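Q: Quick one, fold the following:
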Amino acid sequence: MGEALRTAAFPPSALRPVLDSWLFTLESDVTAAEPDLAERGGDALNAAVGRLLEQRLAAVSVRTPAFAQALRAYRSALMAGDSAGADALAAWLGGQPHVAASAKRSAGIRGELDHFGAMGFLQGLLEVLRDAGHPGLLLVLDEVETLQRVRGDVRDKAFNALRQLLDEIDSGRYPGLFLIITGTPAFYDGPSGVSRLPPLAERLATDFSTDPRFDNPRAVQLRLAGFDRESLLALGVKVRDLYAAGADEPDRISKTVDDAYVGELADAVTGSLGGKIGVAPRVFLKKLVADVLDRVDQFADFDPRRHYKLTLAAGELSEEERNAATMSAPAAARADHIDLDLP
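A: Got it, this is the predicted structure:
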């Protein structure tokens with residue numbers, strides 16, 4: 001998780017800046033509370049920071065003392081100028097599986113980070129983020145439907161872990177955590193999905209029998225509406241505007257690739273994919289940026305209406321997109337794709 005941590009100021013990985021900001025906050029807090037610390041020397045300051053560190057992480061240390069140990073060792077490595085040691089400990093705090101044994105020994109850490117330790121680290125990370133001035137943590141578990149394809153015992157263990165996480169969030173163990181789980185309808189409703197663990201299915205159950213217009217945005221599940229032409233066009237225009245904002249000649253790009261052309265390209269891509277708008281967004285955005293906007297940006301005389309014709313090569317399409325493209329082809333062309341074993 002540490003690798004993917006990002007903030008508004010830092011792209012992945014933001015873990016090191018967050019840790020450093022938190023340690024700076026600790027030092028600022030102790031010096032504000034005891035103005036004479038600077039006069040008493042570095043040892044007094046270090047001891048005061050250490051006490052405050054223990055105090056702030058007291059609740060975490062009850063379950064996962066290794067988190068506080070690693071943070072203390074991380075700070076010690078920084079103060080000693082041991083960059084390699086600090087890097088290794090930051091990696092371990094971020095959940096990296098391969099960390100030098102010497103770095104772990106220096107922190108008094110033994111063994112590997114297991115499921116229970118990771119949950120304690122999540123709690124500790126939330127404390128650090130809060131003290132470093134961040135409102136909380138958005139955690140996204142993406143494409144959880146892949147759990148349906150793993151071995152049965154592994155899948156059931158993962159479902160139970162997910163159920164435990166939901167219960168602990170509900171109990172208030174992770175203040176400031178906002179959890180989003182994304183998955184296909186089959187994950188929530190299919191026989192190999194959450195229905196295999198009734199307690200988890202109960203926690204995620206949501207009534208979708210009403211008109212989608214009246215879906216409850218406060219419900220535990222949210223139904224995502226598919227793209228229609230209007231939303232696909234709005235997406236293309238937004239991407240065009242973002243691209244133009246970072247270009248040298250934003251007005252020329254906005255004028256050349258106007259809203260009408262974005263709509264024409266969206267229709268062309270959708271038509272090439274059998275009219276299935278829900279399949280089109282990825283290909284549409286790729287063509288809009290790489291084939292059109294990049295060329296307009298680099299060549300002053302490039303006019304996409306005169307110099308560009310949409311083509312879709314099989315190699316650039318996913319399996320679902322290839323199937324849609326095949327179905328949009330004339331019947332004779334589709335017949336040509338059938339291999340016949342004739343004598």
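
Q: For the rest of this, base every contact and every neighbour count on C-alpha atoms.
A: Noted.

Q: Tally up the residues packed near the nearest residue to residue 241 once chain neighbours are set aside, please.
A: Counting by CA to CA, 6 or more residues apart in numbering, residue 241 lies nearest to residue 254, which is 7.1 Å off, once chain neighbours are set aside. Neighbourhood size, residue 254 [other CA atoms under 10 Å]: 18.

Q: Next up, the contacts around residue 254.
A: Residues near residue 254 by CA atoms under 8 Å, 6 or more residues apart in numbering: 240-241, 244.

Q: what about the helix or strand encompassing it, distance to the chain center?
A: Secondary structure assignment for residue 254, by DSSP states H and E: helix 250-256. On the basis of CA atoms, centre = their mean, to the nearest Å, helix 250-256 sits 32 Å off its chain's mean C-alpha point.

Q: before we move on, what about stretch 302-316?
A: With CA atoms, centre = their mean as the basis, stretch 302-316 stands 31 Å off its chain's centre.

Q: ditto for stretch 45-59
A: 32 Å.

Q: close enough to count as contact, residue 136 and residue 174?
A: No - between residue 136 and residue 174 there is no contact under CA atoms under 8 Å: 9.6 Å.

Q: joint contacts of these two?
A: Jointly contacting residue 136 and residue 174 under the rule CA under 8 Å, 6+ apart are residue 126.

Q: returning to what we had before: mind checking the pLDDT average for the helix holding residue 254?
A: On average, the pLDDT along helix 250-256 is 95.

Q: Show me what counts as buried in it.
A: Burial within helix 250-256, assessed by neighbour count using 16 or more other CA atoms under 10 Å, is assigned to 250, 253-254, 256.

Q: Please enumerate the helices of the stretch 101-250 of the chain.
A: Remark: helices assigned in the stretch 101-250 of the chain by DSSP state H, counting those that start in this stretch are 101-106, 115-131, 152-171, 185-189, 198-204, 229-245, 250-256.

Q: Just want the most central residue of the chain.
A: What sits nearest the mean C-alpha location of the chain, by CA atoms, centre = their mean, is residue 140, with 5.4 Å.

Q: Closest to residue 20 out of the buried residues of helix 250-256?
A: residue 250 (38.3 Å; CA to CA).

Q: ok, for the closest one, nearest residue in space, not its chain neighbours?
A: Distances taken as CA to CA, 6+ apart put residue 244 closest to residue 250, at 4.4 Å, once the chain neighbours are dropped.

Q: ok so, going back, could the buried residues of helix 250-256 go into TSV alongside distance to residue 126?
A: Shown next, in TSV, are the buried residues of helix 250-256 (distance: CA to CA, whole Å):
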residue	distance to residue 126
250	41
253	43
254	42
256	47
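
Q: can you tell me which of those residues lies nearest to residue 231?
A: Closest to residue 231, out of all of the buried residues of helix 250-256 and judged by CA to CA, is residue 254, at 18.9 Å.

Q: rewinding a little: of the helices of the stretch 101-250 of the chain, which stretch is the most buried?
A: helix 115-131 (a mean of 19; mean count of other CA atoms under 10 Å).

Q: CA atoms of it as CSV?
A: Output of helix 115-131 as CSV, limited to C-alpha atoms (Å, rounded to 0.1, in the frame of the first residue of the first chain):
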residue,chain,number,x,y,z
HIS,A,115,-2.4,-9.9,7.7
PHE,A,116,-2.9,-8.8,11.3
GLY,A,117,0.3,-6.7,11.2
ALA,A,118,-0.9,-5.0,8.0
MET,A,119,-4.1,-4.0,9.6
GLY,A,120,-2.2,-2.6,12.6
PHE,A,121,0.0,-0.7,10.2
LEU,A,122,-3.1,0.7,8.5
GLN,A,123,-4.2,2.0,11.8
GLY,A,124,-0.8,3.5,12.5
LEU,A,125,-0.7,5.1,9.0
LEU,A,126,-4.0,6.8,9.7
GLU,A,127,-2.6,8.3,12.9
VAL,A,128,0.5,9.5,11.1
LEU,A,129,-1.6,11.0,8.2
ARG,A,130,-3.8,12.9,10.7
ASP,A,131,-0.9,14.3,12.7
